[in-house]
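>>> turn this into a model:
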Amino acid sequence: MIDNRGRVVALIPAAGMGTRLGEAVPKAFVEIDGVTLLELSADAARRSGVVDQIVVAAPTELIERAAALVPDAIVVPGGAERSDSVRAGLAAAPDAAFVLVHDAARALTPPELFASVVTALRDGARAVVPGLRVVDTLKRVDATGAVLGTADRDELRAVQTPQGFAADVLRQAHSGQGDATDDAGLVEAEGVAVTVVPGDAMAFKVTTPFDLRLARLLVADRQSS
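Numbers count the residues shown, from 1 in each chain. Below is the predicted model:
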């Protein structure tokens, strides 16, 4: 049951080309077993049971395609940069109380992760991000490659999406014209505390050909079992 204490909008920026993936179409429109990353991401938001409306920011030339793939969504033209797309999505959801910004490239994100973020928002957090503990040893290096020191992994999290915000907080963070790959970073710059909830390994981002192959193998394994 969707909670009626304020509308939740899931905003999916899907206008990026994703050049590192090396595909002929924008990344959100790449397919896994005949289903686009955009469709998979929207379906996860839908199945979470906590989202009232989905808004997709798509390339101008693919507006009709996006609307056909996600017919229950509001589809708007995205911008040249990710933050332009987020701002366009926000403008299409003036009645949102909470906004979840979710990368289409994190197409295998479990619906439960959406619910976890929304629960934290409804419990009073103003900004929420899922995060995984860092398992690799991380070194700080200078321009020559010389090691400057080793980071404390206990203090580090690899941040994922959906990132959730009280709508007024996200609107204020995007009131300028700057660009950021991480909306929580913009919110932090406004002095707003960001809460981290446990992430999920399946919420990995499809960025490289290796990631896409992994996603396809995981989907095939899921279907076979």
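>>> just the pLDDT for the residue lying closest to Gly6 once chain neighbours are set aside.
With sequence-adjacent residues excluded and distances taken as Cβ to Cβ, 6 or more residues apart in numbering, Gly6 is closest to Ala97, at 2.8 Å. C-beta coordinates here come from the backbone N, C-alpha and C atoms, glycine included. Ala97 is assigned a predicted lDDT (pLDDT) of 97.
>>> wait, Ala97 sits on Val8?
Yes. Under the criterion of Cβ atoms under 8 Å, Ala97 makes contact with Val8 at 7.1 Å.
>>> more neighbours: which of those two?
Val8 (26 against 16; other Cβ atoms under 10 Å).
>>> the more buried one bridge partners, please.
Taking DSSP bridges as the rule, Val8 bridges to Phe98.
>>> residues contacting it?
2, 50-53, 96-100, 118 (Cβ atoms under 8 Å, 6 or more residues apart in numbering).
>>> could those residues go into JSON lines alongside secondary structure and distance to Val197?
Formatted as JSON lines, the contacts of Val8 follow (DSSP: H, G, I helix; E, B strand; the rest coil; distance: Cβ to Cβ, whole Å):
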{"residue": "Ile2", "secondary structure": "coil", "distance to Val197": "19"}
{"residue": "Val50", "secondary structure": "coil", "distance to Val197": "13"}
{"residue": "Val51", "secondary structure": "coil", "distance to Val197": "16"}
{"residue": "Asp52", "secondary structure": "coil", "distance to Val197": "20"}
{"residue": "Gln53", "secondary structure": "strand", "distance to Val197": "22"}
{"residue": "Ala96", "secondary structure": "coil", "distance to Val197": "20"}
{"residue": "Ala97", "secondary structure": "coil", "distance to Val197": "19"}
{"residue": "Phe98", "secondary structure": "strand", "distance to Val197": "14"}
{"residue": "Val99", "secondary structure": "strand", "distance to Val197": "16"}
{"residue": "Leu100", "secondary structure": "strand", "distance to Val197": "12"}
{"residue": "Val118", "secondary structure": "helix", "distance to Val197": "10"}
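>>> now flag whichever of those is closest to Leu37.
Leu100 (16.6 Å; Cβ to Cβ).
>>> helix or strand: which one has Asp63?
In this structure residue 63 is Ile, not Asp. Per DSSP states H and E: Ile63 is located in helix 63-69.
>>> how far away from the center of its chain is that helix?
Taking Cα atoms, centre = their mean, to the nearest Å, one finds helix 63-69 lying 19 Å from the centre of the chain it belongs to.
>>> stretch 30-41 too?
Counting by Cα atoms, centre = their mean, stretch 30-41 comes out at 15 Å from the chain centroid.
>>> swap in stretch 155-165?
9 Å.
>>> go on, stretch 12-20?
On the basis of Cα atoms, centre = their mean, stretch 12-20 is displaced by 11 Å from the centre of the chain it belongs to.
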